[in-house]
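Trainee: Everything below, folded, please.
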Amino acid sequence: MLKSGAELMGAAKQVVHADPGDGPDVAMAETRSTGGAAAEPSILLIVEGGVLLAALVLPLVLQDYLTVFATRVLILALFALSFDLVWGYAGIMSFGQALFFGCAGYGVALLARDLDITSIFLVLPAGTLIGLAVSLMLGGFLLLGRHQSSVIFVALGTLTGSYAADRLARGWYYLGGQNGIPSIPPMTLGSYDITEGPVYYYLALGILVVVYLLCRFLVRSQFGLALAGLRENEQRIAFFGYKTQHLKAIVFAVGGAIAGLAGSLYAYHEGFVWPSMLGVVLSTQVVLYVLFGGSGTLIGAVIGTLIIEGVSFWLSDNYRDVWPIILGVLLLLVILFRPLGLISFVVGERERVGSFGAKAKEKHNAAS
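Mentor: Got it, this is the predicted structure:
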């Protein structure tokens, strides 16, 4: 006899809040986690609000060249958000996230070079659709096969895709080979050219905020609850009737679309695209962003990107010979002693799941 949607949601909550093999202590553990979660949303909102406030006033106090650097960091934070959605919430280790980022960058660069299309209303949707299409094709191959895909298979498959695209771009004359595609004209809004500086900064910030809010809504929906259960115990979620591979393919495609949007913004901000945008180095870099800040919280990916890029900029300016070693040791220490990332200092692991439904809201109101 088939279960109703409400029963399946209840089953997903059991998967999220209980580990396999737990006995009567599960109820007590869930009660403690629910009580501890009562204060966490307010802390998370404070962190998010503080980051947003700082981002809003930053161009007012920075020099022009630092505003350009800050814009680049915001775009990379959007890219990190796409990976956190895929890995932090669905447990899919995409070691080739740069593939979607770079394909979109090359796509909008070709539109500008060959078709003279630079309108913001065309290039940003085009970049998003390119990222979506590439992720759908790769996700369909890796995730929707006859047999269930392992984490290692997906990780190596995405890594191979990223490496292959990098080598293809380096050897294809039409894409500029090793030199990439230079001199991309500015993105336009009507007759106005959107060039690097405060205008592009606030454009990138606005897009980041909108995408962040959409991702927050997604992971706090019933679909997000199913993703959380999928990450915690995929076999049990499948037993309750969910098509786990389809859930993975959907969130993988959404992550690819966001990465494509980031790639198109990045291409127009930098003014050129190059093969490294597709490659393994950038794919690994985004993993470090999310690991350092904290996976499964969204804001952790943003904070990780801001800190790593900011520290890298400062170290490279002051310790030019040894700064990669210093940065590597710093990343290693954080990952070793704070496996959940820097965000775990203020937000507990319970926030990786959150509260869902009217019952959870009643508990939250009663606790507060």
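Trainee: Might you list the low-confidence residue ranges for the stretch 251-368 of the chain?
Mentor: 348-368 (pLDDT under 70).
Trainee: can you rerun that using 50?
Mentor: 358, 360-361, 363-364, 367-368 (pLDDT under 50).
Trainee: just the stretch 1-150 of the chain next, same as before
Mentor: By pLDDT under 50, the low-scoring segments of the stretch 1-150 of the chain are 1-5, 8, 19-40.
Trainee: mind listing the helices in it by residue range?
Mentor: 5-17, 25-36, 40-61, 64-83, 98-115, 120-143 (DSSP state H, counting those that start in this stretch).
Trainee: And the ones you listed: which comes nearest Thr195?
Mentor: helix 64-83 (9.9 Å; Cβ to Cβ). For every residue, glycine as well, the C-beta is placed using N, CA and C.
Trainee: Now do the phi/psi pair for Ser221.
Mentor: The phi/psi pair for Ser221 (degrees, to the nearest 10) reads phi -90, psi 180.
Trainee: Count the neighbours of it for me.
Mentor: 12 (other Cβ atoms under 10 Å).
Trainee: On the pLDDT front, check it for me.
Mentor: Per-residue confidence (pLDDT) for Ser221: 85.
Trainee: ditto for the one 3 residues further on
Mentor: Reading off the confidence values, Gly224 has pLDDT 80.
Trainee: just checking, it touches Arg216?
Mentor: No. Assessed by Cβ atoms under 8 Å, Gly224 is found out of contact with Arg216, at 9.1 Å.
Trainee: ok, the two, which is more surrounded?
Mentor: Gly224 (21 against 16).
Trainee: ok, and the closest non-adjacent residue to the more buried one?
Mentor: Leu218 (5.7 Å; Cβ to Cβ, 6 or more residues apart in numbering).
Trainee: who touches that neighbour in this structure?
Mentor: Leu85, Gly224, Val254 (Cβ atoms under 8 Å, 6 or more residues apart in numbering).
Trainee: with those residues in mind, which one is nearest to Leu156?
Mentor: Once Cβ to Cβ is applied, the member of the contacts of Leu218 that ends up nearest Leu156 is Leu85, at 20.7 Å.
Trainee: gap between that closest one and Leu227?
Mentor: Distance of Leu85 to Leu227, given as Cβ to Cβ, to the nearest Å: 9 Å.
Trainee: any shared contact partners between these two?
Mentor: Joint contacts of Leu85 and Leu227 (Cβ under 8 Å, 6+ apart) are Val219, Val251.
Trainee: three-state assignment of Ile184?
Mentor: Three-state call for Ile184 (DSSP: H, G, I helix; E, B strand; the rest coil): coil.
Trainee: so what's it scoring on pLDDT?
Mentor: Per-residue pLDDT puts Ile184 at 93.
Trainee: my guess is it meets Gly271, correct?
Mentor: Yes. Assessed by Cβ under 8 Å, Ile184 is found in contact with Gly271 at 5.3 Å.
Trainee: So for the two, which residue has more residues nearby?
Mentor: More crowded of Ile184 and Gly271, by other Cβ under 10 Å: Ile184, with 23 against 15.
Trainee: Next, give phi and psi for the more buried one.
Mentor: Per-residue torsions, Ile184: phi -70, psi 130 (degrees, to the nearest 10).
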